[in-house]
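Take a look and give me a structure for this.
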Amino acid sequence: MTTQEISTALEQQLFNGKNFHVFIYNKTESISGLHQHDYYEYTLVLTGRYYQEINGKRVMLERGDFVFIPMGSHHQSFYEFGATRILNVGISKRFFEEHYQPLLPGVLVASQVYSVKSTFLSYIESVIASLNFRENEFDEFIEVVSFYVINRLRHFREEQTQGVTPQWLKTTVEEMHDKHKFGEGALENMVMLSGKSQEYLTRATQRYYGKTPMQIINDIRINFAMKQLEITNYSVTDIAYESGYSSPSLFIKTFKKLTSFTPSSYRKQLTVIN
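Coordinates of the predicted model:
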């Protein structure tokens, strides 16, 4: 049996003496393969979804999800759902151990998926979309986001009081990402997929996700719409209907509520940093 070679990304070659190494990009495929770092890293999904395999365990990340990858963890990405927009932040070993190490929980599993609060995600998106600040201001922004992300690791266990999400519910939410399911009659489709009554489904989604079924459906629809705004030239009206909304006005209202942008302003301000 042959052992797969694991490459190492080196801080000395990437950071250029800085505290952070940052990318914000649309990805459709992994170019690094299985690798590890001699620095700390986290990746946060802005739109889309993808698989991250860490130390042999594959997990799926969606909008607002992130993983924290300690030094030496073997990992690679798989983009089986199309383009995914990601904030990827590497933190130098020295800076991390000086400023963030005390925030880490006693036990940390690298393959655990965490989530940021929707309000903080909106803040991240608004700053990234504007990008009208000086370099030192961007560094301060990344410091704030990194502090928040690492602090979420410590408080994660406190939020898991409701137990493990049942498999039937995970499967239902996963299948709702099919465009034919989150379109017309989405709520009825979700109830049917679950095999439960609407009341039972609602209790379950509120218990394990903190959301109603329609809130989950709107999250899925807006995530899809954001990807369409990023990677296509379709009109806002066309994207509204493609995303399952019965009218463009309802789509625009929902989009702004969940992202703090109108669809047009999101597309206009969209910027990719390389």
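
and the one helix or strand Phe138 maps to, what other elements does it pack with?
Using DSSP states H and E, the element containing Phe138 is helix 135-159. Packing contacts for helix 135-159, counted by 3 or more CB pairs under 8 Å, 6 or more residues apart in numbering; DSSP states H and E, involve strand 20-27, strand 40-47, strand 65-69, strand 84-91, strand 114-115, helix 118-130. Where you see a C-beta, it was placed from the backbone N, CA and C, and this is true even at glycine.

can we see that at 7 Å?
Judged by 3 or more CB pairs under 7 Å, 6 or more residues apart in numbering; DSSP states H and E, the packing partners of helix 135-159 are strand 20-27, strand 65-69, strand 84-91, strand 114-115, helix 118-130.

Would you tell me which of the ones you listed gets closest to His180?
Smallest distance to His180 across these (CB to CB): 21.1 Å, for strand 84-91.

strands paired with that closest one, and their directions?
The strands beside strand 84-91 in its sheet (DSSP bridges) come out as strand 20-27 (antiparallel), strand 40-47 (antiparallel).

quick one, which of those strands is nearest to Glu137?
Where the strands paired with strand 84-91 are weighed against each other on CB to CB, the nearest is strand 20-27, at 13.1 Å.

Heading C-terminal from the helix holding Phe138, find the next helix or strand.
Toward the C-terminus, helix 135-159 is succeeded by helix 167-175 as the next helix or strand (DSSP H and E).

What's the mean pLDDT across that following helix?
This predicted structure assigns helix 167-175 an average pLDDT of 93.

In that helix, which residues are buried?
For helix 167-175, a neighbour-count test (16 or more other CB atoms under 10 Å) marks Leu169, Thr172, Val173 as buried.

Could you measure from the last one over to Leu153?
It refers to Val173. Summarising the geometry, the distance separating Val173 from Leu153, computed by CB to CB, to the nearest Å, is 24 Å.
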